[in-house]
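Enquirer: pasting the sequence and the predicted coordinates here, then a few questions.
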2 protein chains.
Amino acid sequence: LFTGIVNAQSEDPLPSWNEGKAKQSIIKFVTAVTTPDSADFVAIPERIATFDNDGTLWAEKPMYFQLFFAIDRIKQLAPQHPEWKEQEPYASILKGDMKAALAGGEKAILDLIMATHAGMTTEEFSQQVTAWLAHAKHPKTQLKFTDMVYQPMLELLAYLRANDFKTYIVSGGGIAFMRPWTEQVYGIPPEQVVGSSIKTQFEMRGDTPVIVGLPELNFLDDKEGKPVAINQYIGRRPIASFGNSDGDLQMLQWTTAGKGPRFALYVHHTDAAREWAYDRDSSVGRLDKGLDEAKQKGWTLVDMKQDWRVIYPSQMAQ
Amino acid sequence: LFTGIVNAQSEDPLPSWNEGKAKQSIIKFVTAVTTPDSADFVAIPERIATFDNDGTLWAEKPMYFQLFFAIDRIKQLAPQHPEWKEQEPYASILKGDMKAALAGGEKAILDLIMATHAGMTTEEFSQQVTAWLAHAKHPKTQLKFTDMVYQPMLELLAYLRANDFKTYIVSGGGIAFMRPWTEQVYGIPPEQVVGSSIKTQFEMRGDTPVIVGLPELNFLDDKEGKPVAINQYIGRRPIASFGNSDGDLQMLQWTTAGKGPRFALYVHHTDAAREWAYDRDSSVGRLDKGLDEAKQKGWTLVDMKQDWRVIYPSQMAQ
Ligand SMILES: [Ca+2]
Ligand SMILES: [Ca+2]
């Protein structure tokens, strides 16, 4: 028993992280805020850590994984919508021309989300997500999407929780798309998932109350929306935040502007061989202003190629 | 030590509750869902309990306590708003005529909330609430408002948490008005408080990011809004819900419509001597449809006069 305890304490909490500045900065911060006689000690209830999802906890290329789900839903629903053959972005999707389908930018993406996420109960939608994730494969890796989570970030989440942090997702992705699987995959329960949402409505169907999704945006949890959502859902300012794009910049600013010790980290996608390499010019997950601000303010920049020993959990056995 | 353990187990978890059907129904439910070999056992993460606040956890007469705060703010801000002397509901408030001020019903109340809650940062607002609660007194009892919480409900919250429930507030009251004090008073942390809210905006003031309240309703957490908010904030269906008015009916319906063991409880204000007695005809905290549905469905009805040995914590010493 005694040996077990010693081993647990001396074991590397982040085995998939190569030694270096990024790993050191994480361990230094966690040690400081959890050491009772440290000037930087933070009481347990205030140990709130917020994580972006797409590109921070799992991959996001060639497009957000939620869009693969939406597209498969469009194909599935197409027989009931003959008008889609003439109507964009549906027509392009049904022809398999994703470039044309997404030419409308964020507006086109939101339209797709509405068309595929509204009009059913919250429970029906959750079942659809679960069923889709059980069989859908990423076109490049042929992995299930939930197998494209980042092993080093799973270790980081577990390390923070072992040190009494409460870990949250604060994502531009759909809250209802994430909640069915985040507990199993990340150890993050539904009540600690914050994201974008459509409006919903309470209805009685006979004697049975249901909550139904409406084709109307409720909240877009991106950029300035992230601190707003953190305040709305959590009501405390995080002491640590983790992102990968300019969409996370305001969250990192809000986090680091609080009093006492603060931590901000950007995952920088630098590994074209094992994952993808992109930053300033990428349409998905652009990291431009944030890259400059991270350097200027001394935030932790994870160089994926240098800092991560493996990318996906399946590579652990190798 | 051994004696201590035996005592702890045999001690009454709800000492301010008189013996009777209400108390029995609570203990029976908690025992069933926490007994590992029971058919009704519920895994810890699903043990979500949601509580209305006004009239369920603290008093709400002669008007919602948040309105006392709003009115004191109006008086404080009046010198900067000479136009209020001619403008309702401000004119009546400044004359001390609350009946006239609130004649405009819910709309008038919302206008008051906007005028007093918007235009400052979330941190400034939180400080104001804390400062106000430290000195403001209820006109009838002369107690501080946070001393008008219900001792039996404090015991119920503690009992549920001792049995690994996560306790949430789901209130029509303002989320930003509750969060500064619910952890200290109820043991409910800010991230487990759901309520009505105004819109907020992220802004940079020089180099400092702030979140500022806007004079626009974001969400009214009442009636059909309660299950919608539960789904939005928590993302799980509660297994137990507690309320006192028709504003909680949809929350109780949503809770009890789930599979497996479910619990719904209404606090019925029947004690004119120690608190207030009101139900079907009250403008504040009306319990009419809910009273019928509770009887029809066999939900627990707390008869405050019969079931509660004391009302407020200060009465414990007597
Ligand atoms: Ca991202
Ligand atoms: Ca109430």
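Expert: Structure's in. What do you need? Ligands and ions are numbered 1, 2, ... in the order given.

Enquirer: ok, the most centrally placed residue in chain A - contacts?
Expert: Taking Cα atoms, centre = their mean, the centroid of chain A lies closest to A:Asn53, which sits 0.7 Å from it. The contact partners of A:Asn53, by Cβ atoms under 8 Å, 6 or more residues apart in numbering or on different chains, come to A:169, A:171, A:173, A:178, A:195. C-beta coordinates here come from the backbone N, C-alpha and C atoms, glycine included.

Enquirer: which of these fall in strands?
Expert: A:169, A:171, A:173, A:195 (DSSP state E).

Enquirer: now those as CSV including distance to B:Arg236, pLDDT and neighbour count?
Expert: Formatted as CSV, these follow (distance: Cβ to Cβ, whole Å; pLDDT from 0 to 100; neighbours: other Cβ atoms under 10 Å in any protein chain shown):
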residue, distance to B:Arg236, pLDDT, neighbour count
A:Ile169, 15, 98, 25
A:Ser171, 18, 97, 31
A:Gly173, 19, 95, 23
A:Gly195, 15, 97, 25
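
Enquirer: need the max-distance pair from the residues you listed.
Expert: The distance between the two most remote of the ones in strands among the contacts of A:Asn53 (Cβ to Cβ) is 8.5 Å, for A:Ile169 and A:Gly173.

Enquirer: shared neighbours, the two?
Expert: With Cβ under 8 Å, 6+ apart as the test, A:Ile169 and A:Gly173 both reach A:53, A:195.

Enquirer: and the residue of the stretch 1-150 of chain A nearest ligand 2?
Expert: The stretch 1-150 of chain A approaches ligand 2 most closely through A:Thr122 (24.7 Å), counting by Cβ to the ion.

Enquirer: same deal with chain A?
Expert: For chain A, Cβ to the ion, closest residue to ligand 2: A:Phe202, 17.6 Å.

Enquirer: residues contacting the closest residue to that residue other than its chain neighbours?
Expert: The shortest distance from A:Phe202 to any non-neighbouring residue, by Cβ to Cβ, 6 or more residues apart in numbering or on different chains, is to B:Glu224 (4.0 Å). Counting by Cβ under 8 Å, 6+ apart, B:Glu224 makes contact with A:201-202, B:250.

Enquirer: of these, grab the buried ones for ChimeraX.
Expert: Of those, the buried ones go into a single ChimeraX selection, burial set by 16 or more other Cβ atoms under 10 Å in any protein chain shown:
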select /A:202 /B:250
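
Enquirer: need the contacts of B:Glu224 in JSON lines with secondary structure, pLDDT and distance to B:Gln128, can you?
Expert: Output for these, formatted as JSON lines (DSSP: H, G, I helix; E, B strand; the rest coil; pLDDT from 0 to 100; distance: Cβ to Cβ, whole Å):
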{"residue": "A:Gln201", "secondary structure": "strand", "pLDDT": "97", "distance to B:Gln128": "34"}
{"residue": "A:Phe202", "secondary structure": "strand", "pLDDT": "98", "distance to B:Gln128": "33"}
{"residue": "B:Gln250", "secondary structure": "helix", "pLDDT": "98", "distance to B:Gln128": "32"}
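
Enquirer: near ligand 1, which residues of chain A are found?
Expert: Contact residues, chain A versus ligand 1 (Cβ under 5 Å from the ion): A:52, A:54-55, A:244-245.

Enquirer: can you do 6 Å?
Expert: Counting by Cβ under 6 Å from the ion, chain A comes close to ligand 1 at A:52, A:54-56, A:244-245, A:247, A:285.

Enquirer: just give me the neighbour total for the residue in chain A that ligand 1 sits nearest to.
Expert: Residue nearest to ligand 1 within chain A: A:Gly55 (3.8 Å; Cβ to the ion). Neighbours of A:Gly55 under the rule other Cβ atoms under 10 Å in any protein chain shown: 27.

Enquirer: residue contacts, it?
Expert: So A:Gly55 contacts A:244-245, A:267, A:269, A:284-285 (Cβ under 8 Å, 6+ apart).

Enquirer: repeat for A:Tyr233
Expert: Counting by Cβ under 8 Å, 6+ apart, A:Tyr233 has contacts A:168, A:194, B:191, B:233.

Enquirer: pretty sure the third one is touching A:Gly235, no?
Expert: Yes. Using Cβ atoms under 8 Å, B:Glu191 and A:Gly235 qualify as a contacting pair, with a distance of 5.8 Å.

Enquirer: between the two, point out the one with more neighbours.
Expert: A:Gly235 (24 against 21).

Enquirer: distance of the more buried one relative to B:Phe177?
Expert: Distance from A:Gly235 to B:Phe177, counting by Cβ to Cβ, to the nearest Å: 12 Å.

Enquirer: do A:Pro79 as well
Expert: For A:Pro79 relative to B:Phe177 (Cβ to Cβ), the value is 51 Å.

Enquirer: also A:Thr121?
Expert: 32 Å.

Enquirer: neighbour-wise, which of these two wins?
Expert: B:Phe177 (29 against 17).

Enquirer: looks like the more buried one contacts B:Gln66 (just checking).
Expert: Yes. Judged on Cβ under 8 Å, B:Phe177 makes contact with B:Gln66 at a distance of 5.1 Å.

Enquirer: residue contacts, A:Arg286?
Expert: A:245-246, A:279-280.

Enquirer: buried subset of those?
Expert: Buried among the contacts of A:Arg286 (16+ other Cβ under 10 Å): A:245-246, A:279.

Enquirer: format these as TSV; extra columns: secondary structure and pLDDT.
Expert: Below are the buried ones among the contacts of A:Arg286 laid out as TSV (DSSP: H, G, I helix; E, B strand; the rest coil; pLDDT from 0 to 100):
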residue	secondary structure	pLDDT
A:Ser245	coil	98
A:Asp246	helix	98
A:Asp279	coil	98
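
Enquirer: between these, which is closest to chain B?
Expert: A:Asp246 (14.2 Å; Cβ to the nearest Cβ).

Enquirer: A:Lys289 versus that closest one, what's the distance?
Expert: Counting by Cβ to Cβ - A:Asp246 and A:Lys289 are separated by 5 Å.

Enquirer: again, but for A:Glu60
Expert: 18 Å.

Enquirer: which of the two has more neighbours?
Expert: Taking other Cβ under 10 Å, A:Glu60 and A:Lys289 do not tie; A:Glu60 has more neighbours (25 against 12).

Enquirer: that one reaches A:Leu287, doesn't it?
Expert: No. If you go by Cβ under 8 Å, A:Glu60 and A:Leu287 don't touch, sitting 11.6 Å apart.

Enquirer: for the stretch 51-200 of chain A, which segments count as strands?
Expert: All strands of the stretch 51-200 of chain A, identified by DSSP state E, counting those that start in this stretch, fall at A:166-174, A:193-205.

Enquirer: how far off strand A:166-174 does the last one point, in degrees?
Expert: Per axes from the mean of the first three to the mean of the last three Cα atoms, to 10 degrees, the angle that strand A:193-205 makes with strand A:166-174 is 70 degrees.
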